[in-house]
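sequence first, predicted model second:
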Amino acid sequence: MTALVTTRSELATSRRELSAPVVLVPTMGALHDGHRALLRSARAAAGPGGSVVVSIFVNPLQFGEAADLERYPRPLAHDMAVCEAEGTDLVFAPPVEEIYPEQQRVTVDPGSMGTVLEGEFRPGHFAGVLTVVLKLFSLIRPDIAVFGEKDAQQLALVRAMVDDFAVPVSIRSVATVRDHDGLALSSRNRFLSQDERRVALAIPRALLAGAEAAGHGPKAVLGAAQRVLDDAGLKPEYLALVDPGNFAFVRDDYLDSALLVIAARVGQTRLIDNVRVERHAADN
Ligand code: PAF
């Protein structure tokens, strides 16, 4: 049976009863199969004796546009059913006042890695993400926390924060889950019309084309991906090849692997995705 707590004091009481290792999956709810993969990985990491905690909190600090925050789905009954089915022990779903009782005075500065790509197009986003993640870590004190690889820059920044601040938590990542047509699962996909979804499919196709050109170097990778986007008439906010550890741009060459990342708006819906580009795998 999955327990639901909504306040810090209820959380503190329930946390005392959880057996280690405690594995946290931080989410904003509207759970889909991509989240289910995170929950399963968390359950496996916790083992039969450990505990899985899911946080569900639509964090206002990481949203730029008020309209985007307002329309973000919040289907708590559905989310509880998913957590229950995946063997979650505890859900922490606080209201905004519980996380931000006052105006947040101190926030986490994501540094230079947080100013490129997502950071450039969504100013303040990563400060909001890292601030809430650090707060969730302080309140829940997990031994392990699980994040999805679809939000690759977020993952790299969370790892950097944990490292730089010596936060006692181990970070695990889970591969992106895709729909049957290749589109990466996202809570935002529900906003796409049928026509928009057809256009959006250029994103995974572009990533695949880029990955297939891996043996020919960065320019070929970016060129192959760009051609697919051009053919679909999709102008990305960014398309870049980066080092997955620090998000530095890969311009001339890469030895082992790089990450091809993309963000594009399809109608009103902003989508991001990425794929590993393995140079040597493609050479073989
Ligand atoms: O990836 C998300 O869903 C959010 O950015 C997170 C990590 C739950 C922080 O609000």
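Nice, thanks for sending it over. Numbering: from 1, shown residues only.

and the residue in the stretch 151-284 of the chain that the ligand sits nearest to, what pLDDT?
Relative to the ligand, the nearest point of the stretch 151-284 of the chain is Asp151 (5.1 Å; Cβ to the nearest ligand atom). Using the backbone N, CA and C atoms, a C-beta is placed for each residue, glycine as well. pLDDT recorded at Asp151 is 98.

ok, and the closest non-adjacent residue to it?
Spatially, and ignoring its direct neighbours in sequence, Asp151 is nearest to Ile272 (7.3 Å; Cβ to Cβ, 6 or more residues apart in numbering).

in this structure that neighbour contacts Lys150, no?
Yes: look at Ile272 against Lys150 with Cβ atoms under 8 Å: they come within range, at 7.0 Å.

in what helix or strand does Leu234 lie?
Under the criterion DSSP states H and E, no helix or strand holds Leu234.

tell me the residues of the stretch 1-150 of the chain that contact the ligand?
Proximity of the stretch 1-150 of the chain to the ligand (Cβ under 6 Å from any ligand atom) is limited to residues Pro26, Thr27, Met28, Asn59, Gln62, Val129, Val132, Val133.

buried residues, stretch 243-252. List them.
Within stretch 243-252, the residues that count as buried by 16 or more other Cβ atoms under 10 Å are Pro244, Phe247, Val250.

residues in contact with Pro218?
Neighbouring residues of Pro218 by Cβ atoms under 8 Å, 6 or more residues apart in numbering: Leu241, Val250, Arg251, Asp252, Asp253, Tyr254, Ala258.

strands paired with the host helix or strand of the last one, and their directions?
Which is Ala258. Secondary structure from DSSP H and E places Ala258 in strand 257-266. In the sheet, strand 257-266 lines up against strand 236-242 (antiparallel), strand 269-278 (antiparallel) (DSSP bridges).

so what's the residue of the stretch 51-200 of the chain found nearest the ligand up against?
The stretch 51-200 of the chain approaches the ligand most closely through Asn59 (4.1 Å), counting by Cβ to the nearest ligand atom. The contact partners of Asn59, by Cβ under 8 Å, 6+ apart, come to Met28, Ile99, Gly128, Val129, Val132.

can you count the residues close to the second one?
Think Ile99. By the criterion of other Cβ atoms under 10 Å, Ile99 has 20 neighbours.

what do you get for the first one?
Here the count is done by other Cβ under 10 Å, and Met28 has 19 residues near it.

would you quantify the distance from it to Asp151?
Taking Cβ to Cβ, to the nearest Å as the measure, Met28 falls 11 Å from Asp151.

before we move on, the earlier item: what is the neighbour count of the residue nearest to Asp151?
By other Cβ under 10 Å, the residues close to Ile272 number 24.

now the one 4 residues further on
Arg276 is surrounded by 17 other residues when neighbours are defined as other Cβ under 10 Å.

so what pairs up with the closest residue to it other than its chain neighbours in the strands?
Of all residues not flanking Arg276 in the chain, Ser257 sits nearest, at 5.4 Å (Cβ to Cβ, 6+ apart). Note on Ser257: beta-bridge partners Glu278, judged by DSSP bridges.

doesn't Val242 make contact with Ser257?
No: in this structure, Ser257 is not within contact of Val242 by Cβ under 8 Å, at 10.9 Å.

when the two are compared, which one has more neighbours?
Val242 (23 against 15).

grab the nearest non-local neighbour of that one.
Leu259 (5.3 Å).

same check, this time on Pro95
Thr6 (6.6 Å).

check the one you found and give its pLDDT.
pLDDT, Thr6: 98.

re earlier: farthest pair within the contacts of Pro218?
Spatial extent of these (Cβ to Cβ) is set by the pair Asp252 and Ala258 at 11.4 Å.

can you map out the helices along the stretch 151-284 of the chain?
152-164, 194-200, 202-212, 218-232, 279-283 (DSSP state H, counting those that start in this stretch).

gap between Asp33 and Ala248?
Applying Cβ to Cβ to Asp33 and Ala248 gives a distance of 32 Å.

quick revisit: my read: the residue of the stretch 151-284 of the chain closest to the ligand touches Leu271, true?
No: under the criterion of Cβ under 8 Å, Asp151 is not in contact with Leu271, lying 11.9 Å apart.

more neighbours, the two?
More crowded of Asp151 and Leu271, by other Cβ under 10 Å: Leu271, with 24 against 18.

nice, that's everything, thank you.
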